[in-house]
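In: no sequence for this one, just the structure:
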């Protein structure tokens, strides 16, 4: 059976202006792969409501799961929750359960639950909350969209809350072989191997190091025995 | 006048599986910002022809420029050039000018210009070549799509070949202020500032460091005097 598929939507001007280097995509990609969910597409859009709404609708319609990152804080540029509500035509307002979490947290830390912070309790109708053990303000799940914070340690904590609840497929296994020959020299035999093992994904990733041209060849698949068999053939072909 | 807009398409299973962390997006974002071109959207797709073709068509139709990264090497999983040709309904074959570049390079380095390497001379009809000073195999420009290699040092060299030929807008200027107060405390005044300076983009990026909650507030715009004025107001508001 095919694995569930996923898409990610990264929201934030700071990524697109080059100010910040996104870290969440690489993290989520690794976690989903381990969990047997195939990440098929990532989009990065700016803090622009029509762009966010359009991307959420397109991705939610074509993948089992969507994960978003960014734009759920207390400031004026945090518009993700409202955009998710709009994408699914749901009302959105401050919700009692989310407000209670924040009220307790700010009471404990001696800070004020002001109007700005209350924005973080705005949750679309029908959504389930995602626990945030780091800074309390929750993420949420609406339909198949998981809405999470952009700050990497909070994002990671939310992924950890969510992933165990999702049905994964067979984890994607991979083996790789470093070959110190130019890609152009190995491409022919590699193509033959890819045809022989058409059920696997065989990728070639070139490198140059200390003047040596080479490639890391990665063989991926859910069936460990097949991956092992393809790797054995690969080693045989390029035995030197 | 509004700046030209751009989108980027990153092609490669290795990014989506979490094996490799993409470096080209962050690099291109910074270069485009300096050049006055607004990067509005990035998509990452796997080595899957229908996904690549659909993304190229969608992005080319909605932005001034599109930049792609990855999938133009000699191996069987390098399918970008064929997908770009398909997206624009152009024929594609080995082209004499690209073949001549490769023939000279491989003759000079004593390697064989075999069938696999010749794949790198497959260029869609009507495309212009992009110079590759690192490893010679060229990128190309078809319509408004700039097709470049995924290996970071080659990608960067191709960006350097291409950017000076593109008309930029006013470079986006930015100033930032580090404020050692929680986002929830600064959100109210910041919203007022964003309304007062509606022609600028004002973003707030929270951090936690050594137990201190704070935010970097970044003010961006093409008009340096306005950015300066907004920063002066910001400093005044949060003077401690």
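Out: Noted; the coordinates are in hand. Everything numeric in this text was worked out from a predicted model, so none of it was measured.
In: now for the helix or strand bottoming out on mean pLDDT in chain A, which elements pack on it?
Out: Taking mean pLDDT, DSSP states H and E as the measure, the helix or strand of chain A with the lowest value is strand A:201-209, at a mean of 84. Strand A:201-209 sits against helix A:183-196, strand A:212-221, helix B:13-16, with contacts defined as 3 or more Cβ pairs under 8 Å, 6 or more residues apart in numbering or on different chains; DSSP states H and E. Quick note: C-beta positions are derived from backbone N, CA and C, even for glycine.
In: how about these in a markdown table, adding distance to residue B:61?
Out: Converted to a markdown table, the helices and strands packed on strand A:201-209 look like this (distance: least, Cβ to Cβ, whole Å):
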| stretch | distance to residue B:61 |
| --- | --- |
| helix A:183-196 | 33 |
| strand A:212-221 | 33 |
| helix B:13-16 | 24 |
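In: these two touch, right, residue A:25 and residue B:20?
Out: No: the criterion here is Cβ atoms under 8 Å, and residue A:25 misses it with residue B:20 at 11.2 Å.
In: ok, the residue nearest to the spatial centre of chain A - contacts?
Out: Chain A has residue A:28 as the residue nearest its centroid, 3.7 Å off, counting by Cα atoms, centre = their mean. The contact partners of residue A:28, by Cβ atoms under 8 Å, 6 or more residues apart in numbering or on different chains, come to A:8, A:39, A:67, A:69, A:155, A:159, B:18.
In: most neighbours among these, which one?
Out: residue A:69 (32 neighbours; other Cβ atoms under 10 Å in any protein chain shown).
In: now that residue: closest residue in space, sequence neighbours ignored.
Out: Nearest-residue entry for residue A:69: residue A:24, 4.4 Å, with adjacent residues in sequence omitted and distances by Cβ to Cβ, 6 or more residues apart in numbering or on different chains.
In: quick check: that neighbour vs residue B:100, distance?
Out: In this view, residue A:24 and residue B:100 are 44 Å apart by Cβ to Cβ, to the nearest Å.
In: of the two, who's got more company?
Out: With neighbours defined as other Cβ under 10 Å, residue A:24 and residue B:100 compare such that residue A:24 has more, 25 against 11.
In: so the more buried one sits right up against residue A:157, yeah?
Out: No: counting by Cβ under 8 Å, residue A:24 sits too far from residue A:157 to count as a contact (11.9 Å).
In: show me where chain A has helices.
Out: Under the criterion DSSP state H, helices of chain A are mapped to A:13-16, A:24-35, A:49-62, A:80-87, A:96-109, A:115-118, A:152-162, A:183-196, A:224-237.
In: same list, those, but as a markdown table with mean pLDDT please.
Out: As requested, these are exported to a markdown table (pLDDT from 0 to 100):
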| stretch | mean pLDDT |
| --- | --- |
| helix A:13-16 | 93 |
| helix A:24-35 | 95 |
| helix A:49-62 | 98 |
| helix A:80-87 | 98 |
| helix A:96-109 | 94 |
| helix A:115-118 | 94 |
| helix A:152-162 | 94 |
| helix A:183-196 | 92 |
| helix A:224-237 | 93 |
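In: and these, which is most packed in?
Out: helix A:13-16 (a mean of 25; mean count of other Cβ atoms under 10 Å in any protein chain shown).
In: how far off centre is it?
Out: 17 Å (Cα atoms, centre = their mean, to the nearest Å).
In: do the same with stretch A:98-105
Out: Taking mean C-alpha positions (Cα atoms, centre = their mean), stretch A:98-105 and its chain are 27 Å apart.
In: same question for stretch A:151-161.
Out: 11 Å.
In: with stretch A:100-119 instead?
Out: With Cα atoms, centre = their mean, you get 29 Å for stretch A:100-119.
In: quick one: is it near chain B?
Out: Yes: under the criterion of Cβ under 8 Å from any Cβ of the partner chain, stretch A:100-119 makes contact with chain B via A:111-112, A:114-117, A:119.
In: surely residue A:91 and residue A:125 touch.
Out: Yes: applying Cβ under 8 Å as the test, residue A:91 and residue A:125 come out as touching, 4.9 Å apart.
In: list residues touching both of these two?
Out: residue A:85.
In: neighbour count winner among those two?
Out: Between residue A:91 and residue A:125, counted using other Cβ under 10 Å, residue A:125 has the larger neighbour count: 12 against 8.
In: I'd say that one and residue A:90 touch.
Out: Yes: counting by Cβ under 8 Å, residue A:125 does reach residue A:90; the two are 4.9 Å apart.
In: okay, now the domains of chain A?
Out: A:5-165, A:173-237 (automatic domain parsing).
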